[in-house]
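**Q** mind looking at a prediction? Sequence and model below.
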Amino acid sequence: MRLSWNEIRARAIVFGREWAGVVRERSESQTFWNEFFKVFGRSRRHVAAYEEPVKNLKGNQSFIDLLWPGTMISEHKSYGQSLEKAESQAYGYVRGLMDAGRHDEVPRYIVVSDFDRIALHDTEEDRKVVFRVRDLHEHIREFAFVAGYKQAVAEPEDAVNIDAAERLAKLKDALSESGYPEHELEQFMVRILFCLFAEDTGLLGEPDAFRLYLENTTKEDGSDLGLHLANWFEVLNQPDDKRSKNLDEQLAGLQYVNGDLFADRLTLASFTAEMRNRLLECCRFDWSKISPAVFGSLFQSIMTAKARRQIGAHYTTERDILKVVNGLFLDDLRARFEKHRKNPDRLKELHRELGAMRLLDPACGCGNFLVVAYRELRRLEVEIVQALNPGNQDRGDLFSISAELRVDVHQMHGIELEEWPARIAQVALWLVDHQMNVESSLRFGQAFVRLPLTHAAKIECANALEIDWNDVLPAAECTYILGYPPFVGKKERNPDQKKDMARVWGKTKGAGTLDYVTAWYKRAAEYATGPYLRAAFVSTNSITQGEQVGVFWDALYKRHGIVLDFAYRTFPWESEARGKAQVHVVIIGFSFGGRRQRCIYETTDPELPPVRRDVTRISPYLTEGEPVAVKNRTKALNAPKIHYGSFALDDGNYTLTDEERAAIVAACPEAEAYLPPFLGAKEMLHNTKRFCVWLRDLPAGKLDKLPPIRDRVQAVQKWRASRGRDRTVELAATPHLFAEIRQPSGRYLAIPTVSSERRHYIPIAYLTAEVIGSNQLYVIPDASPYEFGVVHSEMHMAWVRHVCGRIKSDFRYSARLVYNNFPWPDATDEQRQKVAQAAEGVLAARRQHPGASLADLYDPLAMPQNLFDAHAKLDRVVDRCYRSQPFPDERRRFEYLFERWEQLDQPLATTPKRKRD
């Protein structure tokens, strides 16, 4: 008889706990695999053999660690050894089987392990998963073939096929179109969702009770389905002693649920045959191991795209949610558990803390973060109880699981603007509570069910930026704040959201630059009453970039004294829903007293766990550094002056296409001398031709001899005089001139104000005085090759990527923020000369591609090799101007620059030296 997935999961948890974190030798591998097969209810000796002989690729006799003919091959290594080597050996054995003509024995699955990790490769689907042994319970369905179940390739985190959620959404749409009241529809669908889950986990009594009731008692045309659902809901809300003695036996056996979930009487729903079939299709899916992320998927599939953008809803994988939960508290709690596993007094203290914890998600949506956090707390509690009661199996009636478990859903609190997700959040926590009750029952061998529902999470349907969070959970009782507040760009905010920002940030200088998400940080800082409250939010990475860093973090550091405890640097945030929007985010954990151990996580490969680095302080750019932000400066620290190009303010009259210029010259040849090239960022990058009317040096009386230009000057005069701005009206007195003239008299260096972040370098160029630079360029007059080299180097780009603001994802270069704060090196004359020579090498490499635009040359997918090599040489030379030791990566470059900037910007401040790496 096959085990249920719940039974397998419970066994996998025990297996993971027993084998994880202990250094073991390869000789123990047979014991490992014997126990592994038992997790799935199989006896290894009935299906697989150890030490199966086979010839390797060299023709020598070797022995396969474990072979299940036609199904699985395994190679095992000692703790910490290379899984890649193990996998290579396993593939060699597969080839040996084929060479020996043993084709029927060639396995589909290759599994390798070192006791700490397991890697499974499905050769038919060419799919590979790698995970820690302690996390086996999260990956049991990857080994469905061991348990005797059919293996299916599914969506990530396939606890419930997302198709089921989408079908349920279609059912909701059909009910809505039938005229069912929208407010009641939300309650109705939440009840359906609860019943689907409860049925597959035994919460309703008999297996398939909900489906069988619908199939057996309702008509195929769906005409009486609404009535029978109403009966079903009513019975779930009735205690046994209040129920009619004449109830249908299928209803009489239902558990009393309570919890107000079924308390309200709803309008009777009208169904069609198609709608009935849709509901029955949902019943046929397995909802027993429902993923919290599916609730978000369900919600997102119901909402319109416009509503999703407006509310800022983004739903996530459990893997990403766990980054927040682990960093905020779970890693610390687990470390304490492992440290004090043998100390009953300390374990009891830890257990009491778990029971007293209170969590608040002030933007909880469908409750994904609260659900995952609650689940992990319950699992940790079970481990604590088991460690405190190692012999509970022999204690009989003396041990009661219901008396031991303290963590309950009432410890979870949330605030959500929309009623529908708020209802889902509350039900989701009930469902995961039952899921954990099932796990606990299997672990301890005692039935444990929390019915009727007596506790509930407190999910307040309100605007988190308007209400007092203390009304939801008093700050003195709150332990942790967590979540993913909505992000809505400045242009996309609706009037209510604009009022929210004004309410939260008030007259804070520069608040207009801040993202909507920052309001939650501010409210969290105002809410906290003591040094022990900690928080962690997922946020768009823009709050760690550009001008708003100085505005935002200064307010939090100086006014509220927050300290950054941990951070995940920029990584792509994944959604469970189809059509998911891609967004790059950061995770920021903070507190109001700071904890001793601070760390930064960096994702170098999406398929691998992030790399953790312990640090002493975390800067607002999420690098190691002091809690200070780069702010606008009017003068450069130690560099040549920079400024915008010239600005016409002409209503388009002085800007000419190639054709317009040719027409003017044809009508008035003398005008050609006053129509020079006019370049902005676009023209410079793409070799686009554009010209302007430039009359700075126009002799007196000459304008009347240039009729086409005179007409344009008159048009500018009229337009400027009609504007409401005083300064513009004043400029009508000199209509022939640009409003702002900043054209250098000699050769100058031009930097585009906006450039794609995909380019490894922002393309810059020398322009002559005869080429007029527009205000879409930054201009450095008389810049030397040395200055060209430093600005065009990887060191400068590291500074740009961290400090520069963005327009969408493109770099928005800033003289005051980026250039004026950039810490130039203290280069010797010899070093300057080497940089200048390397810069000339870059220019020479460009000249080898005549006709190619800067955009062509700096195409991130097709940069010419000679130009790439020239830049690499320039980067090495500039690096040595800062230090002799190479920089291993961009993060280390920026940390070096940031420390140097601190010294230059605040020369009297005493900054402790950090260890260099």
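**A** Perfect, I can see it now.

**Q** scan this protein for its longest helix.
**A** Using DSSP state H, we find that the single longest helix of the chain is helix 419-444.

**Q** list the helices and strands that one packs on?
**A** helix 5-19, helix 182-200, helix 292-302, helix 368-388, helix 401-404, strand 412-416, strand 458-461 (3 or more Cβ pairs under 8 Å, 6 or more residues apart in numbering; DSSP states H and E). C-beta coordinates here come from the backbone N, C-alpha and C atoms, glycine included.

**Q** and Ser270, which of these is closest to it?
**A** Ranking these by proximity to Ser270 (Cβ to Cβ) places helix 182-200 first, at 12.0 Å.

**Q** quick one: Ile118 is in a helix?
**A** No: Ile118 is assigned strand when assessed by DSSP: H, G, I helix; E, B strand; the rest coil, not a helix.

**Q** neighbouring contacts of stretch 762-771?
**A** Identification of contacts with stretch 762-771 by Cβ atoms under 8 Å, 6 or more residues apart in numbering yields 676-679, 684-685, 743-752, 755, 773, 783, 788, 791-792, 797, 800, 811, 813, 843, 854-855, 857-858.

**Q** could you pull out the helices for the stretch 251-400 of the chain?
**A** Using DSSP state H, counting those that start in this stretch, the helices of the stretch 251-400 of the chain run over 273-284, 292-302, 305-311, 318-325, 331-339, 344-356, 368-388.

**Q** lowest average pLDDT across those helices?
**A** In terms of average pLDDT, helix 305-311 trails the rest of the helices of the stretch 251-400 of the chain, at a mean of 39.

**Q** the bottom helix or strand of the chain by mean pLDDT?
**A** Across the helices and strands of the chain, mean pLDDT, DSSP states H and E gives its lowest value to helix 305-311, namely a mean of 39.

**Q** where's the closest residue to Glu199 other than its chain neighbours, which helix or strand?
**A** Excluding the flanking residues, the one nearest Glu199 by Cβ to Cβ, 6 or more residues apart in numbering is Phe210, at 4.2 Å. Using DSSP states H and E, Phe210 maps to helix 209-217.

**Q** next one: the residue lying closest to Val538 once chain neighbours are set aside from Thr540, what distance?
**A** Spatial nearest neighbour of Val538, excluding adjacent residues (Cβ to Cβ, 6+ apart): Tyr484 at 4.1 Å. Noted for Tyr484: a distance of 10 Å to Thr540, by Cβ to Cβ, to the nearest Å.

**Q** pull the CA atoms of stretch 349-356 into PDB?
**A** The C-alpha trace of stretch 349-356 is given here as PDB (Å, rounded to 0.1, in the frame of the first residue of the first chain):
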ATOM      1  CA  GLU A 349      12.800  29.300  27.200                       C
ATOM      2  CA  LEU A 350      13.000  29.200  23.400                       C
ATOM      3  CA  HIS A 351       9.600  27.400  23.200                       C
ATOM      4  CA  ARG A 352       8.000  30.100  25.400                       C
ATOM      5  CA  GLU A 353       9.400  32.800  23.100                       C
ATOM      6  CA  LEU A 354       7.800  31.100  20.100                       C
ATOM      7  CA  GLY A 355       4.500  31.100  21.800                       C
ATOM      8  CA  ALA A 356       4.800  34.800  22.700                       C
END
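
**Q** now it, how far from the centre of its chain.
**A** Here stretch 349-356 shows a centroid-to-chain-centroid distance of 30 Å under the convention Cα atoms, centre = their mean, to the nearest Å.

**Q** buried residues in that stretch, which are they?
**A** Neighbour counts using 16 or more other Cβ atoms under 10 Å place 350-351, 354 of stretch 349-356 among the buried residues.

**Q** can you put those in CSV and add distance to Leu261?
**A** Listed next are these as CSV, based on distance: Cβ to Cβ, whole Å:
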residue, distance to Leu261
Leu350, 32
His351, 29
Leu354, 26
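
**Q** whichever strand in the chain runs longest: which residues count as buried?
**A** Counting by DSSP state E, the longest strand found in the chain is strand 563-573. Buried positions in strand 563-573, judged by neighbour count with 16+ other Cβ under 10 Å: 563-571, 573.

**Q** for that strand, packing partners?
**A** The contact analysis (3+ Cβ pairs under 8 Å, 6+ apart) places strand 563-573 against strand 534-540, strand 583-591, strand 598-602.

**Q** can we see that at 6 Å?
**A** strand 583-591, strand 598-602 (3 or more Cβ pairs under 6 Å, 6 or more residues apart in numbering; DSSP states H and E).

**Q** alpha carbons only: can I get that strand in PDB?
**A** This file holds the C-alpha atoms of strand 563-573, laid out as PDB (Å, rounded to 0.1, in the frame of the first residue of the first chain):
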ATOM      1  CA  VAL A 563      20.200  50.100  11.800                       C
ATOM      2  CA  LEU A 564      20.400  47.700   8.900                       C
ATOM      3  CA  ASP A 565      20.800  44.200  10.100                       C
ATOM      4  CA  PHE A 566      20.800  42.100   6.900                       C
ATOM      5  CA  ALA A 567      20.300  42.700   3.200                       C
ATOM      6  CA  TYR A 568      19.900  40.900   0.000                       C
ATOM      7  CA  ARG A 569      21.400  42.800  -2.800                       C
ATOM      8  CA  THR A 570      19.500  43.200  -6.100                       C
ATOM      9  CA  PHE A 571      18.000  40.000  -7.500                       C
ATOM     10  CA  PRO A 572      15.000  39.100  -9.700                       C
ATOM     11  CA  TRP A 573      11.800  38.500  -7.600                       C
END
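
**Q** partners of it, with directions?
**A** Using DSSP bridges, the strands paired with strand 563-573 are strand 583-591 (antiparallel), strand 598-602 (parallel).

**Q** what average pLDDT does the last one get?
**A** Across strand 598-602, pLDDT averages out at 91.

**Q** and for the first one?
**A** Mean pLDDT, taken over the full extent of strand 583-591, equals 89.

**Q** list the buried ones in the helix holding Phe210?
**A** Here helix 209-217 shows 209-211, 213-214, 217 as buried, counting by 16+ other Cβ under 10 Å.
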